[in-house]
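>>> Next one to model:
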Amino acid sequence: MRRLWWIPLAAAAACASRQSVAQRFDAAQTMRWVQYQVAAGPRVPGMPGHAAIQAWLERELRARADTVEVQAFTWVTQPGDSIHRAGDTLHLANILARFRPADPSRILYVTHWDTRPVAENDSNPANRSKPIPGANDGASGTALLLEVADVLKHAPPSVGVDLLFVDGEDYGDFTTGKDVLIGSSYFAKHQPAGYPPLFGVLWDMIGGRNQKIYEEGYSLQFAPEVVDRVWSTADSLHLGAMFRPVNGGYITDDHVPMLQAGIRIIDVIGFENYQQWHHTLEDTPDKVSEATLGDVGRLALRLLH
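You can find the predicted model right below:
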């Protein structure tokens, strides 16, 4: 009888502990980090904002993670990219912040930290050659993972955790597949020793107001058990109004080259009700919700503990 009494007490204690860790997520600070990135300027490779945010990310992550690794590499733009001329050399960097780096059991979180160099969807034709601010498309996921790192510094996870900030996601031509998903493709070919992880989640455009997040097609096809894990956890946090268990279709995003390389990773992307601002100059901090960042952040932490 004592043993049967102890089991539910232990389960209740573990549940309470997970809830406590998730509640440490600071949505207000996450929102400030969104604003900070946008204020630095477009994070387009070769522009001042890109260099400034790379240095900032490395500094902030080194103050929180057990180790930080930088995959610095060059990329030569390709023929067939209708946005850029071929033959330009980009200097890019993936930043990998690791907790419990020696633990063979790992979870991978991914976001992209760069921003798109053209606002091709802007309603004003004069703006379509300008770089986007990238408040939701870039800054929201980056701020989310930085706050996750801050919590993990004070509440270490029970497994190894890798927070990967990839570069060059949004640079080129999605219609031809040229010069896009550059950093994630590089990481897929240069995975850390001991990979693949237990599972991975890509967090992209996750700060929109009243956002709806649908299950993504490639994720359902190649990592359905991860989709189920994330959506069932969201349901346990009463986030069913945001996380809809409906196939939202296939989206070309950073998870695709990683899936192709054997990493069981899914895309959590709040695209549907953000389309009017996607790849426009209107992707600004006022379109990002502190409350949404908090809800998604608590989900991200609950999945780790």
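>>> ok, now how distant is the spatially most central residue of the chain from Arg62?
Residue closest to the mean C-alpha point of the chain, counted by C-alpha atoms, centre = their mean, is Thr111 at 2.4 Å. For Thr111, the distance to Arg62 (C-beta to C-beta, to the nearest Å) stands at 18 Å. Every C-beta, even on glycine, is put in place using the N, C-alpha and C of the backbone.
>>> residues of the strand or helix carrying Leu96 that come out buried?
Secondary structure from DSSP states H and E places Leu96 in strand 89-99. Applying a neighbour-count criterion of 16 or more other C-beta atoms under 10 Å, one finds Leu90, Leu92, Ala93, Asn94, Ile95, Leu96, Ala97, Arg98, Phe99 buried in strand 89-99.
>>> just stretch 158-170 next, same as before
Using 16+ other C-beta under 10 Å as the test for burial, stretch 158-170 gives Gly160, Val161, Asp162, Leu163, Leu164, Phe165, Val166, Asp167, Gly168, Glu169, Asp170.
>>> Check stretch 200-219 too.
Of the residues in stretch 200-219, those buried by neighbour count under the rule 16+ other C-beta under 10 Å are 200-208, 211-216, 218-219.
>>> Using PDB, write out the CA atom coordinates for it.
Output in PDB follows, covering the C-alpha atoms of stretch 200-219 (Å, rounded to 0.1, in the frame of the first residue of the first chain):
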ATOM      1  CA  GLY A 200      12.900  18.200 -33.000                       C
ATOM      2  CA  VAL A 201      10.600  21.200 -33.300                       C
ATOM      3  CA  LEU A 202      11.000  24.200 -35.600                       C
ATOM      4  CA  TRP A 203       9.400  27.300 -34.200                       C
ATOM      5  CA  ASP A 204       8.600  29.800 -36.900                       C
ATOM      6  CA  MET A 205       6.300  32.900 -36.900                       C
ATOM      7  CA  ILE A 206       4.900  32.000 -33.500                       C
ATOM      8  CA  GLY A 207       4.000  35.400 -32.100                       C
ATOM      9  CA  GLY A 208       0.900  36.500 -34.100                       C
ATOM     10  CA  ARG A 209      -2.200  37.800 -32.400                       C
ATOM     11  CA  ASN A 210      -5.000  35.300 -32.200                       C
ATOM     12  CA  GLN A 211      -2.900  32.900 -34.300                       C
ATOM     13  CA  LYS A 212      -4.100  29.500 -35.400                       C
ATOM     14  CA  ILE A 213      -1.400  26.800 -35.800                       C
ATOM     15  CA  TYR A 214      -2.300  23.800 -38.000                       C
ATOM     16  CA  GLU A 215      -0.500  20.500 -38.300                       C
ATOM     17  CA  GLU A 216       1.900  20.800 -41.200                       C
ATOM     18  CA  GLY A 217       2.000  18.300 -44.100                       C
ATOM     19  CA  TYR A 218       5.600  17.200 -44.100                       C
ATOM     20  CA  SER A 219       5.600  16.900 -40.300                       C
END
